[in-house]
Every structure is written in structure tokens, then in C-alpha cells.
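**Q** any chance you could fold what I've pasted below:
(one chain, ligands or ions: 2)
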Amino acid sequence: VSIETLRVALGERSYDIRFGAGAVAGEGGGEEFARSLAAFGFSPRSALITNPTVHALYGAGVERAMRAAGLDPVVVTVPDGEGYKTWDWLGTIVTELLRARLDRGSAIVALGGGVIGDMAGFAAAIYMRGIRFVQVPTTLLAQVDSSVGGKTGVNHPFGKNLIGAFWQPSLVWTDVLTLATLPRREFLAGMAEVIKYGAIWDATFFEYLRTRREEILALSPEPLTRIVRRSCEIKAEVVGRDEREGGIRAVLNYGHTIGHAVESATGYTRYLHGEGVAVGMCAEADLAVRMGVCGEDAAARIRELCRLYELPVSVPDVSAEALLEAMALDKKTLRGELRFVLPEGIGRARVGVAVPRAEVEQLLGVART
Ligand SMILES: NC(=O)c1ccc[n+]([C@@H]2O[C@H](COP(=O)([O-])OP(=O)(O)OC[C@H]3O[C@@H](n4cnc5c(N)ncnc54)[C@H](O)[C@@H]3O)[C@@H](O)[C@H]2O)c1
Ligand SMILES: [Zn+2]
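**A** Ligands and ions are numbered 1, 2, ... in the order given. All right, here's what the predicted structure looks like:
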């Protein structure tokens, strides 16, 4: 297995993301993973946090690697689903860590998608005022997005991710071959975030996604590793400039203002997050055209690429009122003003563009299926 390393430069919180196709999922893999774990000198008392679905697929391999690195993990499984990303389950995790007597030199390994990564990272942030953690992301969304940037947390009945902390991992280990078992719809939803990186930051990458579509959809390891890596590089570069989201980090929210509203106005049942983002990217590109920020051609190319990855591209038939209401409640709107990240072309975006409410209303009124 050949391993590539990407250094995320965040001063003393810097860490490596390592990419190896087969390094976690492969037969007899895990050796290189075990070596990099061992290099940290974690205390033997440690935890593997995962869910039953992912544990059944990759748990044995990861546990084997942890043992080979001298660790003796307690396995904590949280039921599968966003509905378990709660304060209550966080409490259950922490209780298990205390029972297993993890100490300040211990580490948590998070094996799973964004739900597990966010919760395990938050547990690491608060256990004994903070212990180290390692991510093994197994969804495309987690590999390109949630495992980079240090946001951790849980949901509250009042809203998603309302409780949390910034806490960077010590190491992220990504094996794109784990995506072979991921439901196709989840994979495609993750592609929306990948398309987003091209749209806001890198026109060459955007074009690569178009020309190599077939291989990417066939999960060919070489292009897949390349797009996951490039996505992490872009996110790491943005986060490196603005770790706590004061300015430029907001560029990562392209497609998310309308995307979140679409998810929320449909009760979080109709769309996966990435599907909402695809709808949001297309609608916000149209908004950019209306505002004279971007040409029609760029908006058309964004819509075309979303279509090529079988993502929804038009706003569903819910009232413009409901969508605007949801946007107003979004914690990223400042003082009730509607501000958007708008593409200026392929590979460039402008943050914090104030858009008159009437303009958004008109857009939502006409952008229907
Ligand atoms: N921290 C951040 O910066 C950040 C960024 C984006 C999203 N998030 C969070 O991420 C979460 C969504 O993450 P997600 O999309 O990975 O969802 P998820 O963690 O729920 O995983 C999706 C589904 O895929 C299953 N699964 C995971 N890996 C698999 C594999 N290799 N094979 C088969 N099945 C597999 C899971 O069990 C689950 O049923 C949300 O809670 C969101 O708030 C966080
Ligand atoms: Zn997102």
C-alpha cells in the first residue's frame, strides 16, 4: 500500500492526514497505520468509538492495528444515525471512557462518518480537559470535510451542532477503499462537497471532476485518492488562514445557506446534507448571476457538474416563506441580514455578499422544479 501524507499546518496544533488505499480496508492492512499510531506514544488505555454498521465492516482491522501499536482499546459503539448525535450519548461515551480509566495520555480513535467523528472529537475535547484523538473517516463527506478543520460537537433539539468545541485531531487516516461499502447515495452526496471545493477554489480541479467522472464513480483508487486529497488540501488551506471562522473560512459555506434552508424546510427527511448543498450551490450561483457577480456560463457549469454526479439541482416545491424563515434562523446570518457566499466564476468566490431579501424571494419564486 502506498501512503501519501498531507500536513495540516496549524502551528502547534498541526497534524498529518495520511492517505492509503487499502491501509484500513485491505487484507492484512493496518501495518502502516499501526506504525504511525505507535509513534505517538499514547497510553495503552484507549478507546475505539464507532457504530455497529462500520464496526462490522472495519472494526476488526482497526482494533488489530491499535493492538499492534501497543494499545488496549475499550470499544464504545453508538447506534447508527444522526439522531444519536446527542448530549445524552456524549455523556454515555464519557462514562465509558471513565470506566475504562482512560488517562491524560490516552487517545480516542473515531471510526465512522461525520456523526461518529464529531461526537468522538467532542468527547476527546472535554475528557479530562482534553485528550488526543485520531480519525479514521469512512464516508466521503467525513474524508473530505468533517475530519478536517477541528469542529466537533453534538446536536440539540433546538438545532444542529449547537454544542461543541474546536479540537484538532493528532492524526487522520483515510482509506478511500472503505468507500466501496458506502451506499451510493451517500457517496454522491459527499461529491457535492468535492464539487464545492472546485467551484470556490480551483478551476483545474473542477475540470478534473468533469473529465474523470466515470473513474471516480467507479471508485478507481488513484483518481479517488487524488480528489479526496485535493479536497483536504483546499479545506486545510482555508482553515489554516482562518481557524475560527472570522472571515475567509466562510467561503466553505458556499451552497450551504440555501442548502440548509432546503434541508430544514423539508424536515431533514427528504435530502441528505450534500444533496441540499447541491441544490444550494445551483440556486446561489443563479443568485450570483442576478447580482451581477458571476456570468451565466459559470452557473451553468456548476449545475452541469452536479447533474453529472446525479445530484438534485433545483429548489423543491416548498414555500419561499418557509425557506426564508429557515435562513433567518441559520446561525450564520448576521443581525437578520441575508449574506451569501457567491461564486465569481469557476474557482473563485466572494464571501459576505449582502443580498436584498426581495432578490432572494424572486429567485426562490422562479427556481422551482
Ligand atoms: N465537523 C465538521 O466540520 C463537519 C462538517 C460537515 C458535516 N459534519 C457532520 O457530519 C455528519 C454527517 O456525516 P456523514 O455524512 O458521514 O453521516 P454518517 O456519519 O451518519 O454516515 C452516513 C451513513 O453511512 C454509514 N457508513 C459510514 N461509513 C460507511 C462505510 N464505509 N460503509 C458503509 N456504511 C458506512 C453510517 O453508519 C451511516 O449510516 C453530520 O452530523 C454533520 O453535522 C461535520
Ligand atoms: Zn457541508
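
**Q** which stretches of the stretch 251-369 of the chain form helices?
**A** In the stretch 251-369 of the chain, the segments counted as helices under DSSP state H, counting those that start in this stretch are 256-265, 273-290, 296-308, 320-329, 357-366.

**Q** number of residues surrounding C294?
**A** Residues near C294, counting by other Cβ atoms under 10 Å, number 24. Every residue, glycine included, has its C-beta placed from N, CA and C.

**Q** may I have the phi/psi pair for P137?
**A** Note on P137: backbone dihedrals following degrees, to the nearest 10 are phi -80, psi 130.

**Q** and for F133?
**A** phi -150, psi 160.

**Q** tell me which element A47 is part of?
**A** strand 45-50 (DSSP states H and E).

**Q** oops, could you answer that again for A165 instead?
**A** Following DSSP H and E, one finds A165 within strand 159-166.

**Q** that strand near ligand 1 anywhere?
**A** Yes - applying Cβ under 6 Å from any ligand atom, one finds strand 159-166 in contact with ligand 1 at 160-161.

**Q** doesn't A192 lie inside a helix?
**A** Yes - using DSSP: H, G, I helix; E, B strand; the rest coil, the assignment for A192 is a helix.

**Q** count of neighbours near it?
**A** As a burial measure, A192 scores 28 neighbours (other Cβ under 10 Å).

**Q** what's the pLDDT at it?
**A** Here the pLDDT value assigned to A192 is 98.

**Q** look up how far W173 lies from it.
**A** Per Cβ to Cβ, to the nearest Å, A192 is found 24 Å from W173.

**Q** rewinding a little: deepest of the helices of the stretch 251-369 of the chain, which one?
**A** The highest average neighbour count among these, using mean count of other Cβ atoms under 10 Å, belongs to helix 273-290 at a mean of 26.

**Q** remind me what that helix packs against, helices and strands.
**A** For helix 273-290, the elements it packs on are helix 184-201, helix 256-265, helix 296-308, strand 339-345, helix 357-366, judged by 3 or more Cβ pairs under 8 Å, 6 or more residues apart in numbering; DSSP states H and E.

**Q** so which of the ones you listed gets nearest ligand 1?
**A** Each of the helices and strands packed on helix 273-290 was scored for nearness to ligand 1 using Cβ to the nearest ligand atom, and the closest is helix 184-201 (5.2 Å).

**Q** how about low-confidence regions in the stretch 251-369 of the chain?
**A** For the stretch 251-369 of the chain, residues meeting the criterion pLDDT under 70 lie at 330-337, 366-369.

**Q** OK, now which residue of it is nearest to ligand 1?
**A** Going by Cβ to the nearest ligand atom, ligand 1 is nearest to H273 of the stretch 251-369 of the chain, at 6.1 Å.

**Q** if we can go back for a sec, pipe the helices and strands packed on helix 273-290 into CSV and attach distance to ligand 1 per row.
**A** Output for those, formatted as CSV (distance: least, Cβ to the nearest ligand atom, whole Å):
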stretch, distance to ligand 1
helix 184-201, 5
helix 256-265, 10
helix 296-308, 17
strand 339-345, 16
helix 357-366, 24
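
**Q** and those as TSV, adding distance to T50?
**A** As requested, the helices and strands packed on helix 273-290 are arranged in TSV below (distance: least, Cβ to Cβ, whole Å):
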stretch	distance to T50
helix 184-201	16
helix 256-265	25
helix 296-308	31
strand 339-345	34
helix 357-366	40
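
**Q** out of those, nearest to L10?
**A** Among these, helix 184-201 comes nearest to L10, with 18.4 Å by Cβ to Cβ.
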